[in-house]
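**Student:** Output the structure for:
(4 chains)
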Protein chains: 2
Amino acid sequence: MEKDSTAVSLKLFIVLSRAYKAINEHVNKVIQASGLNPTEFAVLELLYHKGDQPLQQIGAKILLASGSITYVVDKLEQKGLLRRSACPTDRRVIFAQITDEGKKLIQDIFPEHAQQIDKLMSSLSDSEKLEAIDLLKKLGLPAGKF
Amino acid sequence: MEKDSTAVSLKLFIVLSRAYKAINEHVNKVIQASGLNPTEFAVLELLYHKGDQPLQQIGAKILLASGSITYVVDKLEQKGLLRRSACPTDRRVIFAQITDEGKKLIQDIFPEHAQQIDKLMSSLSDSEKLEAIDLLKKLGLPAGKF
DNA sequence: CCATAATATCTCGATTTCAAAATTATTATA
DNA sequence: TATAATAATTTTGAAATCGAGATATTATGG
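**Tutor:** Numbering: from 1, shown residues only, chains lettered A, B, ... in the order given. Okay, here's the model as predicted:
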């Protein structure tokens, strides 16, 4: 008696969506308490951990349309959390660079952010988390390439 | 030598987000080709598979604010894909009910939708999918309750 | 039974996002 | 070297979402 593979895939899609949304909803609350929205946080955190980035790269990494990048970078610049800087070798390109004030903000937020995530994931043991990481990597990497 | 549990949780959060977004991006393309946006599809598909629902329940199930539910239900009603119907026992409550035209649309879309998801998940074997389902259930259910 | 609290929906204004077009700069081509 | 194609960013207008408040109804405690 064969299991319908499509049904299993659909089920996985549903629990994946639910898990992501449930976790994210709570994560976003902590972020928003800091005065940033989730997108602003994502941009700033990217710059903090990965260094200066061309606007185009930011869009590619956090899956945001080019017009939206302009908008959110404007916002963060107005708040003094990042600055734009010209690329010396290609004048089409503009880098975003986190300011000291931006760094301070991320340093303030990040520990609680990480702790919150850890708490939300506490229903899994460490080895289950590692299992889940492997499976989700295997799932997500090829899907990104279609 | 102890593993930092928080680091594992953060990693899991990242791969969960990536996998969800990568899959979803492709799923949404198929949906949008049908003239519905992802939220409209989610509402209609809920009504199709779970029967009539109070607007409030719809919001709870697909995580949408009350004002947004009003908006999307208006849209679907204008398209003739669902209708509102009064609850006989509680006059605060309004049910959404899929129309025959709505059913026909879902019947048209759903097979390709399911097939697309199955294809996006083909990097996992069936037993890996079942493993992932268990882990994500265990992860998502408690997180929804915080 | 009444006052108060809780619940469901809707309205409104503000924010965020996208898609398409416009702008500016670079690279490739003939 | 013009010219065309490509690329990065910005502008613009529309759509989607949220949150707070308004309204109507139902539930609850005294």
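
**Student:** Enumerate every residue touching the residue most central in space within chain A.
**Tutor:** With distances taken as C-alpha atoms, centre = their mean, the residue of chain A nearest its centroid is A:Ala42 (4.8 Å). Counting by C-beta atoms under 8 Å, 6 or more residues apart in numbering or on different chains, A:Ala42 touches A:Ile62. Where you see a C-beta, it was placed from the backbone N, CA and C, and this is true even at glycine.

**Student:** ok, now how distant is it from A:Asn28?
**Tutor:** For A:Ala42, the distance to A:Asn28 (C-beta to C-beta, to the nearest Å) stands at 11 Å.

**Student:** Isn't A:His26 up against A:Asp118?
**Tutor:** No. A:His26 is not in contact with A:Asp118 according to C-beta atoms under 8 Å; the separation is 11.9 Å.

**Student:** Residue numbers of chain A in contact with DNA strand C?
**Tutor:** Chain A comes close to DNA strand C at residues A:37-40, A:63-68, A:71-72, A:75, A:90-92, as judged by C-beta under 7 Å from any atom of the strand.

**Student:** rerun that using 6 Å as the cut-off
**Tutor:** Neighbours of DNA strand C within chain A, by C-beta under 6 Å from any atom of the strand: A:37, A:39, A:64-68, A:71-72, A:75, A:90-92.

**Student:** Grab the CA positions of stretch A:123-133 and hand them over as PDB.
**Tutor:** Provided in PDB are the C-alpha atoms of stretch A:123-133 (Å, rounded to 0.1, in the frame of the first residue of the first chain):
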ATOM      1  CA  SER A 123      10.600  22.300  22.600                       C
ATOM      2  CA  LEU A 124      13.400  20.600  20.600                       C
ATOM      3  CA  SER A 125      16.500  19.000  22.100                       C
ATOM      4  CA  ASP A 126      19.800  20.000  20.800                       C
ATOM      5  CA  SER A 127      20.100  16.900  18.700                       C
ATOM      6  CA  GLU A 128      16.700  17.400  17.300                       C
ATOM      7  CA  LYS A 129      17.600  20.900  16.300                       C
ATOM      8  CA  LEU A 130      20.700  19.700  14.500                       C
ATOM      9  CA  GLU A 131      18.500  17.100  12.700                       C
ATOM     10  CA  ALA A 132      16.100  19.800  11.700                       C
ATOM     11  CA  ILE A 133      18.900  22.000  10.500                       C
END
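
**Student:** where do the helices sit along chain A?
**Tutor:** A:5-32, A:38-50, A:55-62, A:66-78, A:100-120, A:126-145 (DSSP state H).

**Student:** worst-scoring helix or strand of chain A, pLDDT-wise?
**Tutor:** In chain A, no helix or strand scores lower on mean pLDDT, DSSP states H and E than helix A:126-145, which sits at a mean of 87.

**Student:** tell me the angle it makes with helix B:100-120.
**Tutor:** 110 degrees (axes from the mean of the first three to the mean of the last three C-alpha atoms, to 10 degrees).

**Student:** what's in contact with helix A:126-145?
**Tutor:** Contacts to helix A:126-145, defined as C-beta under 8 Å, 6+ apart, come from residues A:121, A:124, B:3, B:5, B:8-9, B:11-12, B:15-16, B:18-20, B:22-23, B:26, B:120-124, B:128, B:131-132, B:135-136, B:138-139.

**Student:** just the buried members of those?
**Tutor:** Buried residues within the contacts of helix A:126-145, counting neighbours by 16 or more other C-beta atoms under 10 Å in any protein chain shown: A:121, A:124, B:8-9, B:11-12, B:15-16, B:18-20, B:22-23, B:120-121, B:123-124, B:128, B:131-132, B:135-136, B:138-139.

**Student:** How far off centre is stretch A:112-130?
**Tutor:** 17 Å (C-alpha atoms, centre = their mean, to the nearest Å).

**Student:** ugh, typo on my part, it should be stretch A:72-80
**Tutor:** 18 Å.

**Student:** what's the answer for stretch A:85-102, then?
**Tutor:** Centroid separation for stretch A:85-102 versus its chain: 20 Å, with C-alpha atoms, centre = their mean.
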